[in-house]
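>>> Everything below, folded, please.
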Amino acid sequence: TVYSGAVRPSEHYDFACSLHSLPMIFRSTESTIPEKKSYLSPSPKLVRKWKRFLDKSSDKNQYRVGIVWAGNPKHHNDHNRSIPFRLLKKLLDITPLTWVSLQTGDRSQDLHQTYRIVLDVSKELRDYNETAAMVQNLDLVITVDSSVAHLAGALGKPTWVLLPFAPDWRWQLDREDCPWYESVRLFRQEKVGNWMDVLLRVRSELQNLIANREKPI
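Sure, this is the predicted structure:
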């Protein structure tokens, strides 16, 4: 039995192992991580559906950037990894580009705090199939440490992950790239709780992309 929680399951088994202990048992190292290329493919039908939506709702010549500013509020470290919207919304005045909110749950209502135009599809993102298909139609995803970060990375979509000073172990330390996903770039807090520095760096990089008409990486 392999389990993902902190408490072992109650049913009968001969051996039990925490999912997070498997790398130790298999003696995994960074050099033994499989290739970092994308390994997920969304439903072509759903991809076409969201392409039609975006083509109708936005300028085809603009960058389309998905954004997530908060993770699951029940996560034990959510107070460190999620960004207050009053800070995040300072990015939304960057133009010309199309912002698409991939935020779900109660925090999707934060969009009421801004007058900037953001495509809000939160009610339609009922599962990861829908989210993956939307992500496939974007040029870039900017997200906190959330499930969307891993989904976008697994799809091979250029993804900028905004990390707290002491991040989850999967993101490691002192690096901007990611050992799991080739398309992911990491933006880290340099001081505990200082999201403004992170957002200013993201803002500068995004403005450079738009000015130079480059593809995100």
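>>> mind checking the longest helix of the chain?
When the chain is parsed with DSSP state H, its longest helix is helix 195-212.
>>> Touching that helix from outside, list them.
63, 65, 83-84, 87-88, 90-91, 94, 96-97, 140, 142, 160, 162-163, 187-191, 214-216 (CB atoms under 8 Å, 6 or more residues apart in numbering). (Each C-beta comes from the backbone N, C-alpha and C, glycine too.)
>>> go again using 7 Å as the cut-off
Outside helix 195-212, the residues that touch it by CB atoms under 7 Å, 6 or more residues apart in numbering are 63, 83, 87-88, 90-91, 94, 97, 142, 160, 162, 187, 189-190, 216.
>>> Buried residues, that helix. List them.
Within helix 195-212, the residues that count as buried by 16 or more other CB atoms under 10 Å are 195, 198-199, 202, 206, 209.
>>> just stretch 184-195 next, same as before
Those buried within stretch 184-195 under the rule 16+ other CB under 10 Å are 184-189, 195.
>>> Cross those residues against strands and list the overlap.
Applying DSSP state E to the buried residues of stretch 184-195, the entries found in strands are 184-188.
>>> between these, which is nearest S146?
Nearest to S146 out of these is V184 (CB to CB; 12.6 Å).
>>> I'd assumed G153 was in contact with that closest one.
Yes. With contacts counted by CB atoms under 7 Å, V184 reaches G153, the gap being 4.7 Å.
>>> shared neighbours of these two, which are they?
Taking CB under 7 Å, 6+ apart as the criterion, V184 and G153 both touch 159, 178.
>>> and the gap between the most centrally placed residue in the chain and T159?
Nearest to the mean C-alpha position of the chain, counting by CA atoms, centre = their mean, stands A149 at 2.5 Å. From A149 across to T159, the span is 6 Å (CB to CB, to the nearest Å).
>>> Next, show the common contact partners of these two.
Joint contacts of A149 and T159 (CB under 7 Å, 6+ apart) are T143.
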